[in-house]
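> predicted model and sequence below, questions to follow.
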Amino acid sequence: MSKNLVQFIIEEQRQLPGANGDFTGLLSDIIMACKQIAHSVNKGALIGVLGSAGSENIQGETQKKLDVITNDIFIEANQWSGHLAAMASEEMDDIYPIPAQYPKGKFLLTFDPLDGSSNIDVNISVGTIFSILRCPEGVTNPSAEDFLQPGTQQICAGYALYGPSTMLVLTTGHGVNGFTLNNDIGEFMLTHPNMTIPADTQEFAINMSNQRFWEAPVQRYVDECVKGKTPGGREKNFNMRWVASMVAEVHRILIRGGIFMYPFDNKEVGKAGKLRLLYESNPMSFIVEQAGGVCSTGRERIMELKPTGLHQRVPVILGSKNEVERVVGYHKGA
Ligand code: P6P
């Protein structure tokens, strides 16, 4: 029988110098939250969780009922155990300090509890994204500032994908491993050890309806992909995908390669991109880089950006090394 996720984490922990089980305990709480979310997402209309919550988040986005429910699940599963000093979520304006009745720990957790939730009412795959940072030494009551650490400071990043099967994909800086939820025993089992992204691809993912707002390097890259093996195109033909669920796109890229782009666009003045740095772009960058891929804004490595705000948005170009480097090269040449 293949290894389950908790056994895998404990064996990983033995490799971490000075590890005392804190980190394993935190991951176990996160895993529990993902299992509960999987249950709610899977039941959907049967338990009345579809549709709008009738509220907006700080992003000005209408919240689905499941956005609120899954955020509460993450808070409940992680606030009590003494591993965290605070949390930050796409669905909460400010950070969530651990309430006084619970012990505080040495980690910070950022998460997007239900990424791609616009798909939930039409039964298309959605996911959860999370990232674990260390709380700065000596800080017992962290502020939002303490979360503003570059992605290179992450000690763990992962996502759960609620699709035909529920999977959890994780990195602690020693490669990327994928686990599939066995509903018969309620455990995530190791099914995709050492996930690696092919350096080349023939598949690109971008929301083409924004084409008129893109900068020239992205216009050029996408135009060449669409032209394929015709004049002005590439040495090969390309296929296109757009699921509008970052977790599903990144998972596909981890399995068979690809390039995912939500680049800078001038659709809205002052909005640098759509995806949020702390709880979408950084955790996905950690995972993709650990699987041999590349993640850039087009001009800078995403994981080296110094965050300026909890909900800061950045342009994202990630995936197969050789394709992302081509797009970065076009930006350099522009
Ligand atoms: P659009 C979901 O809201 C999300 O944050 C990502 O998961 C997804 O890739 C993107 O936005 C979809 O954006 O503009 O196509 O709806």
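Ah, there it is.

> get me the contact residues on this structure for the ligand.
Residues of the chain lying near the ligand by Cβ under 6 Å from any ligand atom: 115, 116, 118, 207, 244, 245, 246, 262, 274, 275. (C-beta placed from N, C-alpha, C; glycine too.)

> I'd guessed the last one sits against residue 318; true?
No. Assessed by Cβ atoms under 8 Å, residue 275 is found out of contact with residue 318, at 9.8 Å.

> neighbour count: these two, which is higher?
residue 318 (29 against 21; other Cβ atoms under 10 Å).

> on the three-state scheme, the more buried one is what?
Put simply, residue 318 is strand when judged by DSSP: H, G, I helix; E, B strand; the rest coil.

> where do the helices of the stretch 151-300 of the chain begin and end?
In the stretch 151-300 of the chain, the helices defined using DSSP state H, counting those that start in this stretch lie at 216-227, 246-256, 282-290.

> tell me how many other residues surround residue 329.
Residues near residue 329, counting by other Cβ under 10 Å: 12.

> chain neighbours aside, what residue packs nearest to residue 65?
Closest residue in space to residue 65, ignoring its immediate chain neighbours: residue 53 at 4.8 Å, by Cβ to Cβ, 6 or more residues apart in numbering.

> from the ligand, how far off is residue 196?
22 Å (Cβ to the nearest ligand atom, to the nearest Å).

> next one: phi and psi at that residue?
phi -140, psi 130 (degrees, to the nearest 10).

> that one contacts residue 292, doesn't it?
Yes. Counting by Cβ under 8 Å, residue 292 is a contact partner of residue 196 at 5.2 Å.

> pick the most deeply packed of the helices of the stretch 151-300 of the chain.
Of the helices of the stretch 151-300 of the chain, the one with the most neighbours on average (mean count of other Cβ atoms under 10 Å) is helix 282-290, at a mean of 26.

> about what we covered before: confirm that the residue nearest to residue 65 sits in a helix.
No. Assessed with three-state DSSP, residue 53 is strand; it does not lie in a helix.

> how much space separates it from residue 245?
19 Å (Cβ to Cβ, to the nearest Å).

> what's the answer for residue 268, then?
21 Å.

> looks like residue 213 contacts residue 267 (just checking).
Yes. With contact defined as Cβ under 8 Å, residue 213 counts as touching residue 267 (4.3 Å).

> next up, the contacts around the residue in the chain positioned nearest to the ligand.
Nearest residue of the chain to the ligand: residue 246, at 3.3 Å (Cβ to the nearest ligand atom). Going by Cβ atoms under 8 Å, 6 or more residues apart in numbering, residue 246 touches 115, 116, 127, 129, 260, 262, 275, 280, 284.

> got it, and residue 56?
62, 63.

> report the beta-bridge partner residues of it.
With DSSP bridges applied, residue 56 shows beta-bridge pairing to residue 62.

> which residues in the stretch 151-300 of the chain form strands?
For the stretch 151-300 of the chain, the strands defined by DSSP state E, counting those that start in this stretch occupy 156-162, 166-171, 176-182, 187-192, 203-205, 239-241, 259-262, 275-276, 294-296.

> coming back round to it: wait, which of the residues of the chain next to the ligand is closest to residue 137?
Distances from residue 137 to these, taken as Cβ to Cβ, are shortest for residue 275 (30.0 Å).

> so how far is residue 68 from that closest one?
Distance from residue 275 to residue 68, by Cβ to Cβ: 21 Å.

> equivalent analysis for residue 59, please.
Going from residue 59 to residue 68 by Cβ to Cβ gives 14 Å.

> what of residue 136?
Applying Cβ to Cβ to residue 136 and residue 68 gives a distance of 30 Å.

> and the two? Which one has more around it.
Neighbour comparison, residue 136 and residue 68: the larger count goes to residue 68, with 18 against 15 (by other Cβ under 10 Å).

> out of residue 53 and residue 245, which sits in the more crowded spot?
More crowded of residue 53 and residue 245, by other Cβ under 10 Å: residue 245, with 23 against 16.

> tell me the pLDDT at the more buried one?
Looking at residue 245, its pLDDT reads 97.

> is it true that it touches residue 119?
Yes. Residue 245 lies in contact with residue 119 (Cβ under 8 Å); the separation is 5.3 Å.

> need the distance between the two termini of stretch 234-249.
When the termini of stretch 234-249 are compared using Cα to Cα, to the nearest Å, they are 23 Å apart.

> over to stretch 302-314?
Stretch 302-314: ends 8 Å apart by Cα to Cα.

> what's the answer for stretch 182-190, then?
Stretch 182-190: ends 10 Å apart by Cα to Cα.

> same check on stretch 197-212?
30 Å.

> can you check stretch 175-187 too?
21 Å.

> buried residues of that stretch, list them for me.
176, 177, 178, 179, 180, 181, 182, 187 (16 or more other Cβ atoms under 10 Å).

> what do you get for stretch 169-176?
169, 170, 171, 172, 176.

> so the third one touches residue 159, yeah?
No. The pair residue 171 / residue 159 is not scored as a contact, 10.2 Å apart, by Cβ under 8 Å.
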